[in-house]
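[1] Compute the structure for the input listed below.
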Amino acid sequence: MTAVETQITYSNSYTTHHEVTYMTQEDEWDRDLLLDPAWEKQQRKTFTAWCNSHLRKAGTQIDNIEEDFRNGLKLMLLLEVISGERLPKPDKGKMRFHKIANVNKALDFICSKGVKLVSIGAEEIVDGNVKMTLGMIWTIILRFAIQDISVEETSAKEGLLLWCQRKTAPYRNVNVQNFHISWKDGLALCALIHRHRPDLIDYSKLRKDDPIGNLNTAFDVAEKFLDIPKMLDAEDIVNTPKPDEKAIMTYVSCFYHAFAGAEQAETAANRICKVLAVNQENERLMEEYEKLASELLEWIRRTIPWLENRVPEKTMRAMQQKLEDFRDYRRVHKPPRVQEKCQLEINFNTLQTKLRLSNRPAFMPSEGKMVSDIANAWKGLEQVEKGYEEWLLTEIRRLERLDHLAEKFKQKCAMHEAWTKGKEDMLSHKDYESASLMEIRALMRKHEAFESDLAAHQDRVEQIAAIAQELNELDYHDAATVNSRCQGICDQWDNLGTLTQKRRDALERVEKLWETIDQLYLEFAKRAAPFNNWMDGAMEDLQDMFIVHSIEEIQSLITAHDQFKATLPEADKERMATLGIHNEILKIAQTYGIKLSGINPYTNLTSQDISTKWDTVKHLVPLRDQMLQEEVARQQANERLRRQFAAQANIIGPWIQTKMEEISRVSVDIAGSLEEQMNSLKQYEQNIINYKSNIDKLEGDHQLSQESLIFDNKHTNYSMEHIRVGWEQLLTTIARTINEVENQILTRDAKGISQEQLNEFRASFNHFDRKRNGMMDPDDFRACLISMGYDLGEVEFARIMTLVDPNNTGVVTFQAFIDFMTRETAETDTAEQVMASFKILASDKNYITAEELRRELPPEQAEYCITRMTRYIGPDTPSDALDYISFSSALYGESDL
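    Numbering: from 1, shown residues only. The predicted structure is shown next:
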């Protein structure tokens, strides 16, 4: 150590000014304090005892500090003993000038050690000036007993104070803040002794209210067992409001030097603490990874069965609730899990980096909890999720179709049942047995008209059966009721056919008896029946429900309706012709005076029926127009929703792709430093976060589209699913890229890589990254190494590949490439260093006891070692002997912990 020049000034008051850290303003000699008899007494006793502790090594001592140093002989002897150096030969004379010469030789030696003495001369010492003599001895104590004390980054007084604070920190009622009142109760001195020699003092029996007893205990034990002379009086310290700081420092420094040998053990303990702290942090990160992975996999395991449930609901409301639940899952439940998955990958990469930097083996998660396992489980979840959404939409379409068919079935059944009402009774009636000739003829014509009507209704019955069959094929929930009603209609229809044929046979048998036919009634019935059927069909069509999904489909319905309206003039002619027959009947009856019964014997239709139905058809036409126009407006609104969604999707989709490409370019850019890359990536990340509102708005438009039952969009190739997947990939990519750069910074700082070296590594990596995907194939990696001067054989290259690709993925990442290039230059702790540290704590034994661990290590880490170390087996070893050698090896993966 180089000499540190210290300036000490003595004037009327003994004052010392310093140029180094071991002497502060607090160390200055204050005149008023020096004149305090209590302080002077303490300094006399302490400094005398300190000097004698060294002089007795030369076989002498002093009794009066200001008298015994006056001739300079013992002063020179004291300096030789404490410095280990020879001083110039002293003058043997007893004259004053001989004494002054000897004292000057001692003062010159002090100055040669870097201490500059100002305003003090040999004359004051020779004259027995007690203040100057005490100041000189204090200067010697500072220089040779305190200055060289060094604890961590502090030295001298601050170092000695820090040493005391650290050694006494675990003890109750001890709080060392200075070198005066902190020591009055004696507990701090007893704590120092107990910290290094717990066998000398039972600290638990000490009381804070017995300061004299505590101080005398410490003085006696130190003098008897530690060879530290008693330099202070307990009563003087206790009865002085503020004990003399220099006396306390002098006495405490003796303890520091007495226990200096224990500092090596403390250093060893610090090394072990550091290693154990790293290991404990790594274990915490591993446990956190396992916990997060287990929770995420459990969530996936619970979610997949829900998404795989394909049991359809019976109603549209229930299926729409399922769709709303699925939307909540997408908006509320899944996004936090996406973030957890991303954070899990980041934590895994960070942990692996820390393990590599601390020379620990790579972390292998529990079976089934690898990052790849989680990725596969997530992929399976998304596949099931996609299938579930497609199934939901298909089921909604199916139920929509079912509701439409069911309503149509009910309508047609109601019309058919209304038509068939009373027909069986009519066909079963034997009115012809008592009818007249005209009535028989009328009954025959009426039956022929009924047969014509029956044939016309055959198509409606077939339609009812076809609708029922389709409802069954689509698994309609109330199919039993539909089948029962359809079967009843079919059975009734078969019975009507049988009854019709029987009545015809009967009428044909008596037809020969009856020949009179009313041609006009018959003509009216024949023309009125099909026209009536046409009107029934027209009313049915005009009231028919429809479902469309595009403007083109509704335009097709409008075109068909326009075509129907174009037939109305021709139908009106047919109506006028049919009513003309009825008018002709009335005219003939009026002309020839025939009394009509008012009933057409061949049909139940009247001219009023025709007119009423015609008015109904004309009324339904504008209503149908209105319904079609309303549907046109709805489809136009749907088209606007499609275009609105497409306009945003066509912007957001390319934006996401552009950001992905820009992030990829930043990650391989070597133009700036890693910090600049990190800043750039953070800006990208903030821009992406700010862009989230556009995604939310698009989600809102997508929800409006689905609520409007819009399932296709010809204006864009981007679906909401494409946007979601792209957005999630973008979030994952920016987070993973930031994590990679953070790990590169961590590697660079931990292994001392310069920015130029890192850029050179990046340039080499980019050159051989032929696919530009941030990874090299093994062949490209081999070519890269050869280009950098490596002479590789197959065995050596295989060894290197196990280092850069431990999971055998077939690719080499940039982080693994940097780890390999810097691996041999890293300065890390090793198992051998930890073993050597434990050996120091164990006093060179091959085992260590729990008591030694608890004494040298903090409680938490001592217990950590005790619970994990195995028992040491060997001859003549105590029962609590622990094997620190296997424990140290296990820390670095060389054996099982």
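
[2] how far is stretch 460-476 from where the chain is centred?
    Remark: stretch 460-476 is offset 54 Å from the chain centroid, using CA atoms, centre = their mean, to the nearest Å.

[3] wait, I meant stretch 225-243
    61 Å.

[4] same question, stretch 280-287
    17 Å.

[5] May I see the buried residues of that stretch?
    By neighbour count on 16 or more other CB atoms under 10 Å, the buried set for stretch 280-287 is 282, 285-286. Quick note: C-beta positions are derived from backbone N, CA and C, even for glycine.

[6] Narrow those to those in helices?
    Those of those mapping onto helices are 282, 285-286, per DSSP state H.

[7] mind giving me a markdown table with those and columns for distance to Val311?
    Listed next are those as a markdown table, based on distance: CB to CB, whole Å:
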| residue | distance to Val311 |
| --- | --- |
| Asn282 | 47 |
| Leu285 | 43 |
| Met286 | 41 |
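
[8] Just give me the closest of those residues to Trp727.
    When these are compared for distance to Trp727 (CB to CB), Leu285 wins out at 28.9 Å.

[9] Could you pull up the contacting residues of that closest one?
    Leu285 makes contacts with 347, 350-351, 354, as judged by CB atoms under 8 Å, 6 or more residues apart in numbering.

[10] I'd guess Ala260 is in a helix, am I close?
    No - checked against DSSP: H, G, I helix; E, B strand; the rest coil, Ala260 lies outside a helix; its state is coil.

[11] What score does it have for pLDDT?
    We have a pLDDT of 72 for Ala260.

[12] That one: neighbouring residues, count only.
    Counted with other CB atoms under 10 Å, residues neighbouring Ala260 total 10.

[13] From Trp163, how far off is it?
    Ala260 sits 10 Å away from Trp163, going by CB to CB, to the nearest Å.

[14] got it, and Asn472?
    94 Å.

[15] quick one, which of these two is more surrounded?
    Trp163 (24 against 14).

[16] Surely the more buried one is in contact with Ile146?
    No - the pair Trp163 / Ile146 is not scored as a contact, 11.1 Å apart, by CB atoms under 8 Å.

[17] tell me the mean pLDDT for stretch 361-369?
    Mean predicted lDDT for stretch 361-369 stands at 84.

[18] contacts for that stretch?
    282, 286, 289-290, 293-294, 297, 348, 351-352, 355-356, 370-371, 806, 892-893.

[19] The helix ranked longest in the chain: how far from the chain's middle?
    In the chain, taking DSSP H as the definition, the longest helix is helix 607-668. In terms of CA atoms, centre = their mean, the gap separating the centre of helix 607-668 from the centre of its chain is 40 Å.

[20] Which strands and helices lie in contact with it?
    Judged by 3 or more CB pairs under 8 Å, 6 or more residues apart in numbering; DSSP states H and E, helix 607-668 is in contact with helix 519-542, helix 551-592, helix 674-690, helix 692-707, helix 720-751.

[21] Now stretch 745-759: average pLDDT?
    73.

[22] which parts of it are buried?
    By neighbour count on 16+ other CB under 10 Å, the buried set for stretch 745-759 is 745-748, 750-751, 753, 758.

[23] One more: stretch 97-113?
    Result for stretch 97-113 [16+ other CB under 10 Å]: buried residues 98-107, 109-110, 113.

[24] So which of the residues you listed belong to helices?
    Counting by DSSP H, those place 98-107, 109-110 in helices.

[25] Nearest to Leu520, out of the residues you listed: which one, please.
    Ile110 (156.2 Å).

[26] pretty sure the closest one contacts Phe144?
    No - contact criterion CB under 8 Å: Ile110 and Phe144 do not qualify, at 9.5 Å.

[27] re earlier: for the buried residues of stretch 280-287, give me TSV that also has pLDDT.
    Listed next are these as TSV, based on pLDDT from 0 to 100:
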residue	pLDDT
Asn282	82
Leu285	85
Met286	84
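
[28] tell me which of those residues is nearest to Leu841?
    Of all the buried residues of stretch 280-287, Leu841 sits closest to Asn282, with 22.6 Å by CB to CB.

[29] so what's that closest one up against?
    351, 354-355, 358, 360, 363.

[30] quick one: which of those residues has the most company?
    For the contacts of Asn282, the largest number of neighbours (other CB under 10 Å) sits with Leu351, at 21 neighbours.

[31] now it, what's its secondary structure?
    helix.

[32] what's the nearest residue to it if we skip its chain neighbours?
    Counting by CB to CB, 6 or more residues apart in numbering, Leu285 is the residue found nearest to Leu351 once chain neighbours are left out, at 4.6 Å.

[33] what's the spacing between the one you found and Leu134?
    For Leu285, the distance to Leu134 equals 59 Å [CB to CB].

[34] what kind of secondary structure is Leu882 in?
    Strictly by three-state DSSP, Leu882 counts as strand.

[35] May I have the beta-bridge partners of it?
    Bridge pairing for Leu882 (DSSP bridges) gives the partners Ile848, Arg871.

[36] Leu882 and Leu568: what is the separation?
    Computed as CB to CB, the Leu882 to Leu568 distance reads 107 Å.

[37] Looking at the two, which is more packed in?
    Per other CB under 10 Å, whichever of Leu882 and Leu568 has more neighbours is Leu882, with 23 against 15.

[38] was I right about that one contacting Ile866?
    Yes - with contacts counted by CB under 8 Å, Leu882 reaches Ile866, the gap being 7.0 Å.

[39] picking up where we left off before, Produce a ChimeraX select command limited to the buried residues of the contacts of stretch 361-369.
    To isolate the buried members of the contacts of stretch 361-369 in ChimeraX, using 16+ other CB under 10 Å:
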select :282,286,289,293,297,348,351,352,355,356,371,892
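
[40] Fine by me, thanks again.
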